[in-house]
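Chemist: give me a 3D structure for the following:
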Amino acid sequence: MIIDATDLILGRLASYAAKKALLGEDIKIVNCEKAVISGNKDYLLQKYKAKFDKGVPLKGPYFPRMPERIVRRTIRGMLPYKKKRGKEVYKKIMCYVGIPEEFAKEKIETIKEANVSKLPTTRFLTLERISRHLGAKI
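Modeler: Numbers count the residues shown, from 1 in each chain. All right, here's what the predicted structure looks like:
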């Protein structure tokens, strides 16, 4: 299954992808940089910067800068990734910035329930903006 993350809420996208992966499907998520997180912009930037700065560089905990890795990390939080089944499922989930050529001609789905137009507010940030704030070069 190939999912387009454009204008999808990250948490809802992640829970949907985790459920489908646990049911045995291979999940590919494209346009990860266009996924959104709802909330106050200043608060979100501070929160993600604090997550990134936490820990010691040689010991961790590590938090990714790139949007596709942030999406994958969010999905990992919804899986039992420390158990054998969770590890196998986590390997079936792949995230990409943009649309790779190999998926350009295939059917790409979206999730209606996770669309940003369902939000009652217009306060949200894209993962691209958060990644740039963390220092990613997209």
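
Chemist: what sits up against the least confident helix or strand in the chain by mean pLDDT?
Modeler: Among the helical and strand segments of the chain, the one scoring lowest on mean pLDDT, DSSP states H and E is strand 124-126, with a mean of 90. Counting contacts by Cβ atoms under 8 Å, 6 or more residues apart in numbering, the residues outside strand 124-126 that touch it are 9, 33-39, 41, 44-45, 116. For glycine as for every other residue, the C-beta is placed from the backbone atoms N, C-alpha and C.

Chemist: which residue of this structure lies farthest from its centroid?
Modeler: Among the C-alpha atoms of the chain, the one most distant from their mean position (Cα atoms, centre = their mean) is that of Leu58, at 24.7 Å.

Chemist: quick check, it in a strand?
Modeler: No. The assignment for Leu58 (DSSP: H, G, I helix; E, B strand; the rest coil) gives coil, which keeps it out of a strand.

Chemist: residue ranges for the strands of the protein, please.
Modeler: Using DSSP state E, the strands assigned to the chain run over residues 2-4, 27-30, 36-38, 93-95, 124-126.

Chemist: redo the ones you listed as CSV? Include distance to Lys107 and mean neighbour count.
Modeler: Supplementary listing: these in CSV, determined by distance: least, Cβ to Cβ, whole Å; neighbours: other Cβ atoms under 10 Å:
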stretch, distance to Lys107, mean neighbour count
strand 2-4, 7, 19
strand 27-30, 11, 21
strand 36-38, 23, 20
strand 93-95, 17, 20
strand 124-126, 24, 19
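
Chemist: restricted to helices, list the contacts of strand 124-126.
Modeler: The members of these that map onto helices under DSSP state H are 41, 44-45.

Chemist: among the residues you listed, who's most crowded?
Modeler: Neighbour counts for these peak at Leu44, which has 18 neighbours (criterion: other Cβ atoms under 10 Å).

Chemist: give me the nearest residue to that residue, chain neighbours excluded.
Modeler: Nearest residue to Leu44 in three dimensions, chain neighbours excluded: Leu125, at 5.2 Å (Cβ to Cβ, 6 or more residues apart in numbering).

Chemist: now Phe103
Modeler: Ile2 (5.5 Å).
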